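Asks: Attaching a predicted model along with its sequence, questions to come.
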Amino acid sequence: MLDPRPLILTALLEPAVMAKLEALRRHWYPPERNQVPAHASLFHQLPGREFDAVKRRLKAIAAECPPPPVTVAGVKSLGQGVALRLASPDLVALRGELADGWDTLLIPQDRAGFDPHVTIQNKASPAQARACFQALSASFVPYETRAVALAVWRYLDGPWQPLAEIGFRGR
């Protein structure tokens, strides 16, 4: 029987950048709520029963696509947390192409648009969120990286199970 638990699709940045983002997340995210690694979500929920089809489509598209350039562009307040904004026309276009093909599978949140970012802190008090925003903003300088792969995860009612990592062309 196919596993019906939802799938999550993320973009993986270069390993050194992912390590830096993960360190920030471990520092700022409330520890009791930090159940998943730093990530750039592309889709929050795809049907779990569609894993094989999702993986096939990702492999076909990624094989034709060089690693999209990404700028870690700024610090963004989330109200109860903070994220780092990602700027990448190529990643936005790739996500749009995937969304068009999965139109009937998407939940309202994934239909509502795409705002690429990596959450560093969430579900914190307003004071903690302000402190994080001020600390990150004070020393932030935009930097360049690339999305090197797409990752598929299974949502396990809190934590995520890694299922597949699909590299872009040339990776």
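Replies: In hand now; what should we look at?
Asks: residues in contact with the residue positioned nearest the centre of the chain?
Replies: Centroid-nearest residue in the chain, with Cα atoms, centre = their mean: residue 40, separated by 1.6 Å. With contact set as Cβ atoms under 8 Å, 6 or more residues apart in numbering, residue 40 has these partners: 10, 11, 12, 13, 86, 116, 117, 118, 147. All C-beta atoms are positioned from the backbone trio N, CA, C, and that covers glycine.
Asks: Specify which member of those residues is nearest to residue 48.
Replies: Using Cβ to Cβ, residue 10 is the member of these that lies nearest residue 48, at 15.7 Å.
Asks: Assign the closest one to helix, strand or coil.
Replies: strand (DSSP: H, G, I helix; E, B strand; the rest coil).
Asks: Return the per-residue confidence for the residue nearest to the centre of the chain.
Replies: Listed pLDDT for residue 40 reads 97.
Asks: Where is the longest strand in the protein?
Replies: Among all segments of the chain classified by DSSP state E, the strand with the greatest residue count is strand 143-155.
Asks: Each with direction, which strands does it pair with?
Replies: strand 7-13 (antiparallel), strand 69-77 (antiparallel), strand 160-167 (antiparallel) (DSSP bridges).
Asks: No further queries at this time; thank you.
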